[in-house]
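**Student:** whatever this is, show me its structure:
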Amino acid sequence: MFDSILSFPWSLGILAASFVVKISTQIYATVTKPGLNEIAQANHYAFSPQRKVITILFPLQVVVQCMWIYEIVVMRPDNASDSGMLAYVPMHNLGNFFTTIALIEWLRQQFDSVWMSRACNVTIQIAATYMCGALPTSPTRVEILFHLVAKSTLAVAMLDFLAIDAIQRKCGKPSEVVQALTAAAFVLGGMFADPVMGAMLLYVLLSLAIGQDGDWGRRLAVMAGATAAVVGAKALWVPA
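**Tutor:** Numbers count the residues shown, from 1 in each chain. Prediction:
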C-alpha cells in the first residue's frame, strides 16, 4: 500500500514542496520588517505567547521534519501503513497550506483571514493527531519522528489559534470562566495524552505563561505545573 501511494513523483513532491514553501515563508516573515515578531508585539493579548520560546522550537522542529520526510520519502518504512503515516501525509500537506496562507495574511495584518486559516489548521491537526494515536511501547525511529512531527505541529497550531482568537476578541485578560476552562482543558488533556503530546501541552502553557504578566501569567504557570504533574504521574505509574 505504501508503494502504491507514495511511489508517484507528484505525491512525494507535494510532501517535500509544501514543507519547503511553508519554511521559506516562515523565514521571510521573520526577517522582513514589520515581521512576525513586530506585528505580534503590537497585538499582544491574553493568549499571546512569548515569541522567543517559539523561536527556540522552530529550528528543532525543522530538523525533525526534515528527518521524518527523509525517512518516509527515501527509506520507505514497511510499517508506514500500520502506524497511520499514510493517512497523515495529506493532512500534513493541507496544514502546511493553511499555515502558509496565515503567515502571508499576518504580514498583511488581515486578521480575519488569519483567524480562518488558523482555525482550519488547528482543526486539521487535532484530527490528524487523533488518528496518530499514542506512541507505541517500542517505537521505531520513523515512528518517533512521526509522532514528534504530528504533535509538535499541533502544539504550534494551538498557540497560533489561541493568539489570533484573542486578537480578534481584543481579550486583554480572560474571564474567570475562560481561565477555569483553560485549566481544565490542559489538565484533562495531560491525563489522556501520551508522553510526546503531554510534553507539547507543557510547551504551549509555558509559552503562554512566559508571554503574560500579572495574575494571568502566574495562573498559566500554575496550570503548567499541574499539567506537568499529571503527565509525569501518568508516565510513571500508568502501565503502557
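**Student:** what residues sit buried inside stretch 41-61?
**Tutor:** Neighbour-count burial for stretch 41-61, counted by 16 or more other Cβ atoms under 10 Å, picks out 43-51, 53-54, 57, 61. From N, CA and C alone the C-beta is placed, and that goes for glycine too.
**Student:** keep only those of these that are in strands.
**Tutor:** Within the buried residues of stretch 41-61, no residue falls in strands by DSSP state E.
**Student:** who touches the closest residue to residue 199 other than its chain neighbours in this structure?
**Tutor:** With Cβ to Cβ, 6 or more residues apart in numbering as the measure, residue 231 is the residue that lies nearest to residue 199, at 7.4 Å, once sequence neighbours are left out. In this structure, residue 231 makes contact with 190, 193, 195, 198, 199, 201, 202, judged by Cβ atoms under 8 Å, 6 or more residues apart in numbering.
**Student:** over to residue 98?
**Tutor:** Residue 98 makes contacts with 117, 118, 120, 121, 124, as judged by Cβ under 8 Å, 6+ apart.
**Student:** out of those residues, which is nearest to residue 169?
**Tutor:** residue 118 (13.7 Å; Cβ to Cβ).
**Student:** on the pLDDT front, check the residue nearest to residue 199 for me.
**Tutor:** Among the per-residue scores, residue 231 shows a pLDDT of 92.
**Student:** tell me the domain ranges of the chain?
**Tutor:** Here the chain is described, according to automatic domain parsing, as comprising the domains 2-172, 175-240.
**Student:** pick out the shakiest of those, pLDDT-wise.
**Tutor:** Out of the domains of the chain, the stretch the model trusts least by mean pLDDT is domain 2-172, with a mean of 86.
**Student:** which SS state does residue 90 fall under?
**Tutor:** When classified by DSSP: H, G, I helix; E, B strand; the rest coil, residue 90 comes out as helix.
**Student:** only the buried residues of the longest helix belonging to the chain, if you could.
**Tutor:** Assignment by DSSP state H gives helix 141-169 as the longest helix of the chain. Applying a neighbour-count criterion of 16+ other Cβ under 10 Å, one finds 142-167 buried in helix 141-169.
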